[in-house]
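Student: Output the structure for:
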Amino acid sequence: MNQLLTLLGKNFTLHFRSRQFWLNLYIPIFSILASQMAQEKIFIQLLPIFICLNNNGAIRQTIQLFVSERTRKSKELQLQIGLNLISYYSSWIITAVTFSLVISVIYLIPFFIMQLNAAGQASVDVIIFIQGDILYNIALSSFMLFLSIFFESPLKASEFLSLLNVIFSFASYVNFYPYPEYSFFGQLTAVFLPQSAFQMLLFSENWVFNIRWVCLSKITYIAFLIFQIIVYLFCFVYFDLNKGTLKNKFWNCFKKQNQTHVFLQDDTCEQNSGNRNQQLQKPFLNIQQDFEIQGQSIIKAENLGYQIGEQSILKSINLDVYQNETYCLIGPQGSGKSTLIKILQGLTQQTSGTIKLFGLEIDKNLKKQIGICMQQDILYEDLTVQEHLQLYGSIKGITEEQLTIQINNILIFCQLVAETNLKASKLTSLNSRKLCIAISMIGNPQVLFYDEPSQDLDAQAKQQIWQILKQIRLNRTIVFTSLQFEEAEQIANRMGVLINGQIVAQGTPEFIKNNFGIGYNLNMKFTDENQLLIEKPKIQLSLQRIDSLIQAIQRDETTLLSVLPINKMDQFHQIFSYLEQNSKCIFSLKYNQLEDCYKSIDNSEGQDNIDFNAQGIFHQQPQIELRSQIHGLIKRKLLLILTEKDKQIKYIFQYFLIALAVMFGMFSAFRFVFFYLGIKAMTCILFTDYQFEEKNTQMKQFLLASGVSIRTYWLGTLFTDLIISFVEGIYTAGLLWIYNVGHFGFHFFAVTLLITIFGFSLSCQVNYFMQKSQSGNLCFGITFLTVFVFYLIFLCIMLGIALPGVSPGVSLLAMMMMIVSPYMACYIGFGMSPSLLNLAIFGYWSCLLFLLIGGGLYFLILITTETKQHKQIEEEMHDTNPVIDLQDVQWKYGSIVTREKINFQINKQEIYGLVGPKNAGKSQLINLINRYDQPVNGKIRIRDQNTHVGLAPQFQIFKSLLTVRQMLEFSGKIKGQQNLDQSIDIFLKAFDMFEIKYKQIQYLNEAEMRKLHLGMALMGGSNRLFLDEILQGLDLKSKRKVSQIIQQTSINNEAGILLTTQSIQDTLLICNRIGIFINGVVIAQGTISELQDQLGKYARFSVKTVFGYKEQTHDFICQTLQQQSYAIQPIFDARENFLSYMIPASQFKMSNLFSFLYLELQLKSKLINEFQIYEPNLEQTLEFFASQQMMVLKAYHLSQNGQDDFNFGCGLRSITAMFCIFW
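Tutor: Predicted coordinates for the structure are as follows:
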């Protein structure tokens, strides 16, 4: 009962805090007003519709919250920590029924006061109304909850089900139209549909239609409602519990035998058939050989396997995690890390093997001892930080007194005290992650599971998360996954390397490095390539005096790398002395990192490098053609309509309403025209649907940056709308001919042409208003404007002035109204044309002409207005050589105009890395350069910007139901790629994506998505590239591949590339120049050496001390080096048992420092285990500046909040409500 009350409190809080809940009250209020109007005889038959639809908004809101909780894994997380299923389902059923009943009461009270229950020849007893309404609300809530489990998108579920509610509310009318009839089919709807059963219950009492013989008895319909309640509640619970199993069984019936891969949404292992040599060739090393077991085994997995169909995701996993141990599962994307940790948590059932927790099978009681933090932030946007902790504490059954104490401690521990009463929607990415970690600690669990805890955070935020995890791990057992070896090394006691679904190596970080490492990395940086070529043979000779196998490997034009074996450490001073005395290079020494060990472990590394012989397909002069671009835009939009169910439903619903208009028109041709134009006015936002999405998701920005002109973009949009309108015209004219409505049936082609041209003109009008409006609720504004101004008000005026024999002045006014409002031109052409009804003051062809003139004017104003917004980019660059040039640019960063001016240039064959923390403004700057935003001052120039620009956006902006090949084909068409089909095949093979060319985008992992973005940017020979966070979130192997693509593109295509990233390490190997970007300003830029000059030159070294000797080691280092006149400066190091120091470069001698650290500290004193000597760490410098970054709310939430909060017209509920209110 405590859990049920907690969940009900959560559900009611989410309802009341949502702005949408209060806006949903307009439905019963307007419904009762419309019901009062419906007392008129012509509209009285619509009363049953209002009875059923008054609670549509409340049902819609509940469904959206329910689906949102399920799809965001909130339910999954709560069940894992002990949520009772009976409490869970009961809470949502009670919530849906309660809010539905409350809204119905708001409608029924004035309904009875106005005695609308007496409509017709009989007065229905109030008791029957109330009984029927209560049963109807329970049945409807059960029905909608049952249907909602088949949806993954909250918005689509609520839109679609609210639409079904409208459609099903008309189902009972089959008994009365076109004439009253008692039939089995007519009664069948009442058996399964709550709307029909409730309406037929009222009709059986002679309400509205006064035809009782068409109905069964009222007891029968009450029995139908009770039957529906029982059946739909059972189906809701059963299908929700078994959805995954039933779905797999269903799709297995249609599974293709030749399927080459399985589409998975989890982080799974994608294997290539016949490539078994990718497994580790070294013998498997048992951790017990290196690790002294302390305490009991907390988690034990034996021969664990997981398989989907015929594809093995995990194979023979054997794993022991001991008491108070921190264990990291590390591996590339697609290796199976998330799948394995879900199995260990008990969220996913393994297909083979056993897993035990505390020596027992995982059950409900054991789950309360588990804390979970998933890869995504699982939060309720409208609950505060404290309410989240109270919710999960109550689910775990913690008493109120204990919970209060725990929450206070956890808030301090996770540094969330200042955010206690802040809603989750207002938290930064870092604080959202902290809250998820805090939730995992509720109940003081002894075992914690974290799935990539610091993923997608900048360097400074990661350090904070790591510090929290280091404190959490005391007296707890932790298992976490990671893509970052640095994270594993800092936090984990042991780690397992997961490759192709197998743990191929496991042990402590030191154990991995000692067994798979290869020594110390000596990095030598020269001033230019000539100096490197001169000194390389001499350096090679010096290296071979240490060991004949050591090679000097050239990494780039000015860098040499050598790997010095550990067993030759006593001879390292020879090469150091030579470099200090005879070479002008800057060199550094680092102990091999875990990343280096990974190369040794994963033998597949380097086997599947990109085939850059295929670069020739992109090395072409762009040949952008208007016809090809328009064809690509039309094909893409039609594909989206044919693949997206929610869009299809919107168009089908419009056709359904048109069919109703035709049925009403059987009694009067005027009634058809009146209702048809009203339907078009209410559904006009369908013409803006895709453009509105593309504007908000920045898809339009991508198209404009890729060479699509504003004129071409809108021509493609309007031509597509013309095709859709033509189909609608044939459909409508066909219905008019079938039902013989007025004289329309004799003018099939005239009606089709009129509707087609009307669709074109209407599309131009609504898109103009959509583009002009800056409001998040613009679709509601468009609907209101078109219905009440351009249709109803104009129609009233037109009915008064458009009469035969009017003066020329009045005719001119009517003509102007027909040009301004497409509805009026269509109305005159439809209802008063000589070719149709012989009542017009203008001819049929005149009306078509007015439609074309009006649409053309709107189109010209539209493209002229938008073109002015993009005129900041200047194409003339005769006075400079760079291909990208920013001069004295100032822009708005949030609400603040930057004081400092941005100046930088990018040349051919140059990669410019723009490095900054999250919310520094990097993506906004790319928007600025690509004309999506406007600078306040300054000049932005891109050479050949209309043809050569390629953009790889940070976020997925492409529709998920399209395939990889379809997206590449679309990009190739708009960018003029020659030999498109052949080029796409070559590209797919070169980027190792040929096997997934028919894979839908929604199933791509992050590495595949980045390569797709990059490929689309390269299509057509683009060589002005803007790559926004292209390396973010990639594992080491994928990052190396994408980096290789970028470097080769810069050379082969003579490309100028702007690359943004949060990590300066991503830029060091591939970027020619680097800019540090903080608070919307470039604070420093230049080459590595130039940045070092600007930020100060220092040598740094760090040591890992023996446990318990950290203070003693620090005193010894400071005392010894200060005696040798070193100006040593300690540096804060977050790593456990590590000490770091900085020495001015003028005092630095590698040979002396190496001898001190190795001989004195490591061999003689035995105070340290390892050490590193390296150049100034730009990453640490960036972290310092990042700490000055202004706190900014989540950009996604800021841009989307208004749209998600109340997107009236963009959803089908606007059509539903306006249709009902209008009638």
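
Student: pLDDT averaged over stretch 488-500 - what is it?
Tutor: Confidence over stretch 488-500 (mean pLDDT, whole number) is 85.

Student: shift numbering so it begins at 277
Tutor: Got it, first residue is 277 now, which makes that one stretch 764-776.

Student: Next, the distance between the ends of it.
Tutor: End-to-end span of stretch 764-776 (CA to CA, to the nearest Å): 19 Å.

Student: same deal with stretch 712-724?
Tutor: Termini of stretch 712-724 sit 12 Å apart (CA to CA).

Student: How about that stretch, which residues are buried there?
Tutor: 712, 713, 714, 715, 716, 717, 718, 719, 721, 722, 723, 724 (16 or more other CB atoms under 10 Å). Yep, even glycine has a C-beta here, placed from its N, CA and C like the rest.

Student: Let me see the contact set for the closest residue in space to the second one that isn't next to it in sequence.
Tutor: The spatial neighbour of residue 713 that comes closest, neighbours along the chain excluded (CB to CB, 6 or more residues apart in numbering), is residue 649 at 5.4 Å. Under the criterion of CB atoms under 8 Å, 6 or more residues apart in numbering, the neighbours of residue 649 are 712, 713, 715, 716, 724, 725, 726, 727, 729.

Student: Nearest to residue 377 among those residues?
Tutor: residue 715 (33.1 Å; CB to CB).

Student: that's a helix at that closest one, yeah?
Tutor: Yes. Under DSSP: H, G, I helix; E, B strand; the rest coil, residue 715 falls within a helix.

Student: Tell me, what's the model's pLDDT at it?
Tutor: With respect to pLDDT, residue 715 scores 91.

Student: So it is in contact with residue 664, correct?
Tutor: Yes. Under the criterion of CB atoms under 8 Å, residue 715 makes contact with residue 664 at 6.1 Å.

Student: Spell out which two among the contacts of residue 649 are the most distant pair, please.
Tutor: The farthest-apart pair in the contacts of residue 649, when distances are taken by CB to CB, is 715 and 727, at 13.6 Å.

Student: that's a strand at residue 1216, yeah?
Tutor: Yes. Assessed with three-state DSSP, residue 1216 lies in a strand.

Student: That one: how many residues sit nearby?
Tutor: 21 (other CB atoms under 10 Å).

Student: pretty sure it is touching residue 1164, no?
Tutor: No. At 10.2 Å, residue 1216 does not count as touching residue 1164 under the criterion of CB under 8 Å.

Student: What distance do you get for the residue nearest to residue 713 to residue 754?
Tutor: Relative to residue 754, residue 649 is positioned 10 Å away (CB to CB, to the nearest Å).

Student: shared neighbours, these two?
Tutor: 724, 725, 726.

Student: For the second one, give me its contacts.
Tutor: Read it as residue 725. Taking CB under 8 Å, 6+ apart as the test, what residue 725 contacts is 617, 620, 621, 646, 647, 648, 649, 716, 754, 755, 756.

Student: And the protein, what are its domain boundaries?
Tutor: Following automatic domain parsing, one finds the domains of the chain at 278-521, 561-791, 795-867, 902-1131, 1152-1219+1223-1363, 1373-1451.

Student: can you give me how far the fifth one is from the chain middle?
Tutor: Read that as domain 1152-1219+1223-1363. In terms of CA atoms, centre = their mean, to the nearest Å, the gap separating the centre of domain 1152-1219+1223-1363 from the centre of its chain is 19 Å.

Student: Now that domain: average pLDDT?
Tutor: 81.

Student: now swap in the last one and tell me
Tutor: In this model, domain 1373-1451 carries a mean pLDDT of 81.

Student: For that domain, what is the distance to the chain centroid?
Tutor: Offset of domain 1373-1451 from its chain centre (CA atoms, centre = their mean): 46 Å.

Student: a helix runs through residue 588, doesn't it?
Tutor: No. Under three-state DSSP, residue 588 sits outside any helix and is assigned strand.

Student: how much space between it and residue 908?
Tutor: When CB to CB is the yardstick, residue 588 and residue 908 sit 40 Å from each other.

Student: Settle it for me: which of the two has more neighbours?
Tutor: Counted by other CB under 10 Å, residue 588 and residue 908 do not tie: residue 908 has more neighbours, with 22 against 19.

Student: would you say the more buried one is within a helix?
Tutor: Yes. With three-state DSSP as the criterion, residue 908 is located in a helix.

Student: My read is that it contacts residue 1249, right?
Tutor: Yes. Between residue 908 and residue 1249 there is a contact under CB under 8 Å: 3.2 Å.

Student: follow-up on the earlier one: and of the contacts of residue 649, the nearest to residue 1253?
Tutor: Nearest member of these to residue 1253, counting by CB to CB, is residue 727, at 39.3 Å.

Student: For that closest one, give me the backbone phi and psi.
Tutor: phi -100, psi 100 (degrees, to the nearest 10).

Student: Ok, residue 1025 next?
Tutor: Dihedral angles (degrees, to the nearest 10) for residue 1025: phi -70, psi -30.

Student: now the helices: where do they sit in the stretch 277-426 of the chain?
Tutor: 278-293, 295-299, 302-313, 323-329, 332-347, 350-356, 361-389, 402-424 (DSSP state H, counting those that start in this stretch).

Student: Check which residues of the last one are buried.
Tutor: When neighbours are counted by 16+ other CB under 10 Å, the buried residues of helix 402-424 are found to be 404-405, 408-409, 411-424.

Student: Just want the angle from that helix to helix 332-347.
Tutor: Interaxial angle, helix 402-424 versus helix 332-347 (axes from the mean of the first three to the mean of the last three CA atoms, to 10 degrees): 30 degrees.

Student: Residue 916: neighbouring residues, count only.
Tutor: 17.

Student: typo on my end, it should be residue 823
Tutor: Neighbours of residue 823 (other CB under 10 Å): 15.

Student: got it, and residue 586?
Tutor: 9.

Student: same thing with residue 1354?
Tutor: Other residues close to residue 1354 by other CB under 10 Å number 20.

Student: Residue 480 too?
Tutor: Residue 480 has 19 nearby residues by other CB under 10 Å.

Student: Next one, pLDDT for it please.
Tutor: 82.

Student: next one: phi and psi at it?
Tutor: According to degrees, to the nearest 10, residue 480 has phi -70, psi -10.

Student: contacting residues for it?
Tutor: Residues in contact with residue 480 (CB under 8 Å, 6+ apart) are 488, 491, 492, 493, 494, 497.

Student: Could you point out the helix or strand that follows whatever helix or strand residue 838 lives in?
Tutor: In this assignment (DSSP states H and E), residue 838 forms part of strand 835-840. Sequence-wise, the next helix or strand downstream of strand 835-840 (DSSP H and E) is helix 848-858.

Student: and whichever helix or strand comes after that next one, what does it pack onto?
Tutor: Going down the chain from helix 848-858, the next helix or strand is strand 862-867, by DSSP H and E. Packed against strand 862-867 by the contact rule (3 or more CB pairs under 8 Å, 6 or more residues apart in numbering; DSSP states H and E) you find strand 796-801, helix 848-858, helix 1426-1431, strand 1444-1450.

Student: Run me through the strand neighbours of the first one, direction for each.
Tutor: Just to be clear, that refers to strand 796-801. strand 835-840 (antiparallel), strand 862-867 (antiparallel) (DSSP bridges).
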